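Participant: coords below, sequence missing:
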């Protein structure tokens, strides 16, 4: 434990809050699409800059990083997601499935994993080695928040009426 906290408290509990907030943002996106008679693809394929991933990919990466990180540390199997969402409703289902998975975890599963060896190999072949604590602080949290922020920014840029309170889940 770290100052009476486990990595569950530092990572899983905040992830549940962030992804509940994302589900709320996706609900607002659905309403925006309906109100303005737009197509889901308009948003799912949108990006802030040509070399950035599109919105749907930002959501997929955030959910993948989350489920992989918590599974890796807690010792449970990583849930499989199909990565084939073509509608906002399907993205919401993905996020809700992640929230349900996070809800199956408990603090005891994360006790003593601060020093656990974590090895990450990216698709590019680049490898990273962490302790459990450095993995959470230097990889999992920043990566997930980066992709959630990018997804939020894409929607704000496209005029969806969301604000900081939506992002924070307030």
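Facilitator: Nice, I can see it. What you see is a predicted model, and the numbers here were worked out from it, not measured in a lab.

Participant: helices or strands next to the longest helix anywhere in the chain in the packing?
Facilitator: With secondary structure taken from DSSP state H, the chain has its longest helix at helix 13-35. On a contact count with 3 or more CB pairs under 8 Å, 6 or more residues apart in numbering; DSSP states H and E, helix 13-35 meets helix 40-44, helix 55-74, helix 88-103, helix 141-157, helix 164-168. In short, each C-beta sits where N, CA and C put it, glycine included.

Participant: residues of the fourth one that come out buried?
Facilitator: By 16 or more other CB atoms under 10 Å, the buried positions in helix 141-157 come out as 141, 143-144, 147-148, 150-156.

Participant: Nearest to residue 79 among those residues?
Facilitator: Ranked by distance to residue 79 (CB to CB), those are led by residue 144 at 15.6 Å.

Participant: Check the gap between that closest one and residue 42 for me.
Facilitator: 25 Å (CB to CB, to the nearest Å).

Participant: just residue 167 next, same as before
Facilitator: 21 Å.

Participant: the more surrounded of these two?
Facilitator: The residue with more neighbours, out of residue 167 and residue 42 and counting by other CB atoms under 10 Å, is residue 167; that gives 19 against 12.

Participant: Not counting sequence-adjacent ones, nearest residue to that one?
Facilitator: By the measure of CB to CB, 6 or more residues apart in numbering, the closest residue to residue 167 outside its immediate chain neighbours is residue 152, 5.2 Å from it.

Participant: So the residue in the chain sticking out farthest from the centre: helix, strand or coil?
Facilitator: Ranked by distance from the centre of the chain (CA atoms, centre = their mean), the top residue is residue 37, with 27.7 Å. Under DSSP: H, G, I helix; E, B strand; the rest coil, the three-state class of residue 37 is coil.

Participant: what residue ranges in the chain score low on pLDDT?
Facilitator: Residue ranges of the chain with pLDDT under 70: 1-3, 170.

Participant: Next, name the residue at the spatial heart of the chain.
Facilitator: Short answer for the chain (CA atoms, centre = their mean): residue 62, at 3.0 Å.
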